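Visitor: show me how the following folds:
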Amino acid sequence: MAVVVVTGGTRGIGFGMAKELIARGATVVICGRSGVDEAAAELGATGVVCDMTDRAQVEALWEKAAALGPVAHWVNNAGVTTSRKHLADLPVAELETVVSANLLGVMNGSAVAVRHMLAQGSGTVWNMEGFGSDGRTMPNLTAYGATKRAVTYVTDSLAKELKGTPVKAAHLSPGMVLTDLLTHDYAPEELEKTKKIFNILADKVETVTPFLAEGILKGVKNGGRVAWLTGGKIAFRFATAGFRKRDLFS
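Guide: Below you'll find the model as predicted:
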């Protein structure tokens with residue numbers, strides 16, 4: 001059975017991926033800063049308390065996972081967002097938190113996993129994309145979007161560093177998924193306005209995560225991508241929005 005590490009696996013997409021990976025026979029290790037024991041017990045996974053911004057804790061996470069067997073996949077999923085404010089109005093503590101979690105955490109996870117995977121002779125590091133990864137911009141998501149754009153660069157660059165080795169770096173793109181990360185900090189009236197677009201483009205965790213889990217276990221070439229919400233799917237959804245009734249909030 002493949003050993004898979006899912007960071008930020010205590011809730012949302014991370015929890016959903018862990019559940020689907022286990023259902024497909026993987027041995028899964030999840031981590032988080034809180035709620036780890038409860039999530040691990042519910043999943044039947046191994047849980048490790050880990051702050052991904054602390055390299056020593058990330059090393060300990062690897063050691064815990066490697067004790068179960070060779071780590072086939074390491075999924076850098078852990079991340080946070082900020083209040084929906086202009087960058088100039090965003091508290092510095094929030095800015096530092098989102099950059100540390102979404103970028104430094106991914107770099108720490110990638111560095112630790114790659115070094116050990118090269119030593120063991122195999123493995124894939126998957127980095128989770130999000131809004132901003134493709135270059136799109138939106139007011140009040142400047143910090144979050146910038147970190148996700150940077151994660152795409154990190155993954156592409158890492159894939160070049162790994163060229164010719166038995167280890168791969170790849171992108172994991174879930175699209176727009178209805179979690180608290182997506183709906184975080186919307187004022188009630190603002191959320192009502194955005195529900196229309198969410199009902200066209202977004203999906204529930206249980207819809208997306210089976211696809212992601214299967215893509216992880218199947219694998220891709222170095223520098224490749226497993227993407228749920230493709231350009232073709234987006235075009236189809238907009239073209240048929242008037243004929244399809246979707247209410248993800250009911």
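
Visitor: quick one: the nearest residue to R136 once chain neighbours are set aside from A111, how far?
Guide: The spatial neighbour of R136 that comes closest, neighbours along the chain excluded (CB to CB, 6 or more residues apart in numbering), is G145 at 7.4 Å. For glycine as for every other residue, the C-beta is placed from the backbone atoms N, C-alpha and C. Distance from G145 to A111, counting by CB to CB, to the nearest Å: 23 Å.

Visitor: low-scoring pLDDT stretches of the protein, where are they?
Guide: Residues of the chain meeting the criterion pLDDT under 70: 179-196, 248.

Visitor: change it to 80
Guide: 1, 177-202, 236-238, 241-250 (pLDDT under 80).

Visitor: show me where it has its strands.
Guide: If DSSP state E is used as the criterion, the strands of the chain fall at 3-7, 27-32, 46-49, 71-76, 123-128, 167-173, 225-227.

Visitor: in the first one, what counts as buried?
Guide: So that's strand 3-7. Residues of strand 3-7 classed as buried under the neighbour-count rule (16 or more other CB atoms under 10 Å) are V3, V4, V5, V6, T7.

Visitor: still on that earlier bit, tell me the contacts of the residue nearest to R136?
Guide: Residues counted as contacts of G145 (CB atoms under 8 Å, 6 or more residues apart in numbering) are F131, G132, R136, T137, M138.

Visitor: which one of the strands of the chain lies closest to V151?
Guide: Put simply, out of the strands of the chain the one that sits nearest V151 is strand 123-128, at 5.3 Å, with distance taken as CB to CB.

Visitor: name the helices or strands packed onto that closest one?
Guide: Using 3 or more CB pairs under 8 Å, 6 or more residues apart in numbering; DSSP states H and E as the contact test, the elements touching strand 123-128 are strand 71-76, helix 105-120, helix 142-161, strand 167-173.

Visitor: could you check the angle the second one makes with strand 3-7?
Guide: If you take axes from the mean of the first three to the mean of the last three CA atoms, to 10 degrees, helix 105-120 sits at 160 degrees to strand 3-7.

Visitor: could you do the third one as well?
Guide: Helix 142-161 and strand 3-7 meet at an angle of 150 degrees, taking the same axes, to 10 degrees as the criterion.

Visitor: nothing else from me, thank you.
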